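Visitor: Can you look at this prediction? I've put the sequence above it.
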Amino acid sequence: MTTRLFKNARIFTPVDAGAPAAGKDQGNLRILEQGALVVENGLIADLGETDAVRGRIDMGMLDEVVDCRGRTVIPGFVDPHTHLCFAALREAEFDLRMAGTPYLDILKQGGGILSSVRAVRAASEDDLFETSERHVLAAMRLGTTTLEIKSGYGLDTETELRMLRVIDRMGRETPLDVVPTFLGAHAVPEEYRGRADAFVDLVVGEMIPAVRDQGIARYCDVFCEEGVFSIDQGRRILAAAREAGLGVKIHADEVHDLGGAGLAAAMGAASADHLLAASDGNLLQMAEGGVTAVLLPATAYSLRKPYARARHMIDAGLPVALATDCNPGSSYTESMPFVIGLAVINMAMTPAEALTAATLNAAYAVGMAKTVGSLDSGKQADFLFLDGDSPTILAYHAGVSPVAAVFKRGARVF
């Protein structure tokens, strides 16, 4: 057993009360000006002011003492919505969007998600792993210690299962905890153009049973949007996934108020993500149903769309999480510090609310809050050193990463 003491740290952590932090509680942080952490075998064994912690332990039993010298310490980021498993970039598509071509029009022309599908189908499993691993490790260097990765660039059973194997391998061969999500209903593939219901039959009748039998995915997601999948189609897919033992999530109301937020509430989803166009009534249903709102400000930034109404959601008692949505098309960034900065500057979140959104609430959105998301005894010792006096530095120092060091289970990984 290895025991380490991290002393003289300025610790800022959300308070885990057993549920995602909502309303005024989202901005509540526990602050220890002269804090200390005791780490035993990768878990936090004790946490408090340095003098008090030192009084509770046998200093002679320590394997290492780390003097943090007043560094700001926060939990490692949890990124609860990514598409980090892909095979090729889409720079030409970026040029089209900057020239004014709407994203859904690019998708209709066979670009967007369908372009990534062609690249992933053509890639070997090892090539797909190597490309994806580079982005996962880049996310780690920017402070992410746990992240969700979706499939969804296969859109056939064989390739979706291959993607999930790569995602599972990512969690075994990198230091990060990885939550795999099946997103077979990410778009209607070209071979099913004009036959969306037939493709839904494939997802429900073949893909979901195969994903269940494979045993890797923890969640099933669906992209409910005009021109992609309808609310009725999404309900059918999520019901089949839930029957197969998977948790459910939904890409909801990104461009149009289709009612995805209401569907998430009705299905008891872990999260509804995007929500740029969600109505007040459906957001209230989410709050009443305990669904976490996962907001993706880097996507709004990249698509030059109005940002989701984070301030309204928090004031209405809806727990808000933040994610990168890292993907090769609409949000090519692995940086949670960038996302936090966008949330504070453009979405009227306080730095404390944004920190909770990027850690504790994000952990609840992917079912990982029992082990990560806050600095508490019994949880994993996943934490960051920041170059700043408080978490405010994440938004204040724009365009750079203030993450000076990353620790996963108490070991420095960057």
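Guide: Structure received.

Visitor: List the buried residues of the helix or strand of the chain with the lowest mean pLDDT.
Guide: In the chain, no helix or strand scores lower on mean pLDDT, DSSP states H and E than helix 103-108, which sits at a mean of 76. The neighbour-count check on helix 103-108 (16 or more other CB atoms under 10 Å) flags 103-104, 106-107 as buried. Using the backbone N, CA and C atoms, a C-beta is placed for each residue, glycine as well.

Visitor: So which of the residues you listed is the closest to residue 299?
Guide: Using CB to CB, residue 103 is the member of the buried residues of helix 103-108 that lies nearest residue 299, at 9.6 Å.

Visitor: Tell me, how many residues neighbour the nearest residue to that closest one once chain neighbours are set aside?
Guide: Of all residues not flanking residue 103 in the chain, residue 303 sits nearest, at 5.8 Å (CB to CB, 6 or more residues apart in numbering). As a burial measure, residue 303 scores 18 neighbours (other CB atoms under 10 Å).

Visitor: Residue 59: what's it in contact with?
Guide: Residue 59 sits next to 5, 65 when contact means CB atoms under 8 Å, 6 or more residues apart in numbering.

Visitor: Kindly provide the distance from the residue nearest to residue 103 to residue 395.
Guide: 21 Å (CB to CB, to the nearest Å).

Visitor: quick revisit: what's the least confident helix or strand of the chain packed up against?
Guide: helix 91-98 (3 or more CB pairs under 8 Å, 6 or more residues apart in numbering; DSSP states H and E).

Visitor: Check the offset of the helix it packs on from the chain's centre.
Guide: Distance, stretch centre to chain centre, for helix 91-98: 25 Å (CA atoms, centre = their mean, to the nearest Å).

Visitor: The helix or strand containing residue 9 packs against which elements?
Guide: In this structure, residue 9 is located in strand 3-14 according to DSSP states H and E. Packing contacts for strand 3-14, counted by 3+ CB pairs under 8 Å, 6+ apart, involve strand 29-40, helix 50-56, strand 64-67, strand 72-75, helix 351-357.

Visitor: domains in this protein, as residue ranges please.
Guide: What the record gives for the chain is the domain set 3-76+374-412, 78-365, from automatic domain parsing.

Visitor: just these: most buried one?
Guide: For the domains of the chain, average neighbour numbers computed from mean count of other CB atoms under 10 Å are highest in domain 78-365, which has a mean of 22.

Visitor: Endpoints of that one, how far apart?
Guide: 9 Å (CA to CA, to the nearest Å).

Visitor: Can you list phi and psi of the residue of the chain positioned farthest from its centre for me?
Guide: For the chain, the residue at maximal distance from the C-alpha centroid (CA atoms, centre = their mean) is residue 60, at 40.0 Å. Dihedral angles of residue 60 (phi, psi; degrees, to the nearest 10) stand at phi -70, psi -10.

Visitor: center of the chain, which residue is that?
Guide: The chain, centroid-nearest residue using CA atoms, centre = their mean: residue 80 at 1.5 Å.

Visitor: Ramachandran angles for it?
Guide: phi -90, psi 10.

Visitor: Just confirm it contacts residue 271, I think it does.
Guide: Yes - the criterion here is CB atoms under 8 Å, and residue 80 meets it with residue 271 at 6.8 Å.

Visitor: and for the two, which residues touch both?
Guide: By CB under 8 Å, 6+ apart, the residues touching both residue 80 and residue 271 are 294, 321, 365-366.

Visitor: need those residues in a markdown table with distance to residue 243 and pLDDT, can you?
Guide: Converted to a markdown table, those look like this (distance: CB to CB, whole Å; pLDDT from 0 to 100):
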| residue | distance to residue 243 | pLDDT |
| --- | --- | --- |
| 294 | 24 | 98 |
| 321 | 26 | 99 |
| 365 | 22 | 98 |
| 366 | 21 | 98 |
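
Visitor: which stretches of the stretch 51-200 of the chain form strands?
Guide: 64-67, 72-75, 77-79, 144-150, 177-185 (DSSP state E, counting those that start in this stretch).
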